[in-house]
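Participant: return a 3D structure for these sequence lines:
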Amino acid sequence: MNPAESLSVTTRIILGALIFSLALLVLAGGWTIPYTFVSFSILYKFGMAKTYLRSGKVIGITLVVLLFFQVILASRFIIFAQVFSAKRISALHRINGMVITFLVICHPLLIKASENFTPYTFEKKYYPEFLGIALLTVLLLLGLTAIFRNFFKLPYAKWLLLHRFSATLALLMMPAHILYVSESFKSGIPRKAALVIFSLNLLMIIRVWLRKYQIKAK
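Facilitator: Purely as a prediction, here's the structure:
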């Protein structure tokens, strides 16, 4: 029996609306961080440079939240299977992945536009930025191979393994970049919220890998 059939249509609509409302609330909460917990880098920017930097930060936070949603969708929790069909979950995962890929390109462009595209020097203090470049490269690879899998002629089984490894690598790299690249995440509510999200990401990615090996064992 389809898991969605275990709930009435009305119940699925109500739960679906609640889930989307909660997702929007999390996103909206993230968007307030660059305005409420202002970093020193923004304080010393003016005009369009300030707009570029703040927009880049908002997009960066959006990326973190959307990646969190992406892992939730990939985790195949029963509640989501009951509220949405497997086809809708797959479509949401695919659309969300496309949005992430687009934002991955926008984020560094806006950040560097605020600095007139001045390159980073090879100094220890810039390691969060260089880690961010590596992270965005992995995310870009992840998105492009998913969108253009048929174009690259990747067999599904090999692509899925690459997809899972790349996603796991990105999720492991993300905390070091986010927590140390901006003063906004060095303390207080933003840091605690980020740590909660990263911890949940880790637990869910472990669950995905365990499910894979449990299926193989059967």
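Participant: helix, strand or coil for residue 119?
Facilitator: When the structure is reduced to helix, strand and coil (DSSP: H, G, I helix; E, B strand; the rest coil), residue 119 reads as coil.
Participant: tell me the contacts of the residue nearest the centre of the chain?
Facilitator: Centroid-nearest residue in the chain: residue 67, 1.9 Å away (criterion: CA atoms, centre = their mean). Applying CB atoms under 8 Å, 6 or more residues apart in numbering, we find residue 67 in contact with 100, 139, 170-171, 174, 201. C-beta here means a position set from N, CA and C on the backbone, and glycine is covered the same way.
Participant: and if we set it to 7 Å?
Facilitator: Contacts were defined as CB atoms under 7 Å, 6 or more residues apart in numbering; by that measure residue 67 touches residue 100.
Participant: report the distance from the helix or strand encompassing it to the chain centre.
Facilitator: Applying DSSP states H and E as the criterion places residue 67 in helix 47-75. Mean C-alpha position of helix 47-75 versus that of the full chain (CA atoms, centre = their mean, to the nearest Å) differs by 8 Å.
Participant: before we move on, what about stretch 34-51?
Facilitator: Between the mean C-alpha location of stretch 34-51 and the chain-wide mean there is a distance of 23 Å, by CA atoms, centre = their mean.
Participant: buried residues in the helix or strand of the chain with the lowest mean pLDDT, which are they?
Facilitator: Of all regular secondary-structure elements in the chain, judged by mean pLDDT, DSSP states H and E, the least confident is helix 40-43 with a mean of 79. Within helix 40-43, the residues that qualify as buried by neighbour count (16 or more other CB atoms under 10 Å) are 41-42.
Participant: show me what that helix is packed against.
Facilitator: helix 47-75 (3 or more CB pairs under 7 Å, 6 or more residues apart in numbering; DSSP states H and E).
Participant: could I get the average pLDDT for the helix or strand following the helix it packs on?
Facilitator: Using DSSP H and E, the helix or strand that directly follows helix 47-75 along the chain is helix 78-83. Confidence for helix 78-83, expressed as mean pLDDT, is 85.
Participant: also stretch 91-102?
Facilitator: When pLDDT is averaged along stretch 91-102, the result is 92.
Participant: low pLDDT regions in the protein?
Facilitator: 1-5, 213-218 (pLDDT under 70).
Participant: so where do the strands sit in it?
Facilitator: Taking DSSP state E, the chain contains no strands at all.
Participant: which residues sit in contact with residue 191?
Facilitator: When contacts are counted by CB under 7 Å, 6+ apart, residue 191 is found next to 179, 185.
Participant: swap in 6 Å and give it another go.
Facilitator: Residue 191 makes contacts with residue 185, as judged by CB atoms under 6 Å, 6 or more residues apart in numbering.
Participant: with the one 3 residues further on instead?
Facilitator: Contacts of residue 194 were listed using CB under 6 Å, 6+ apart, and they are 178, 185.
Participant: hmm, 10 Å instead?
Facilitator: Residue 194 makes contact with 30, 33, 61, 64, 174-175, 178-179, 184-185, according to CB atoms under 10 Å, 6 or more residues apart in numbering.
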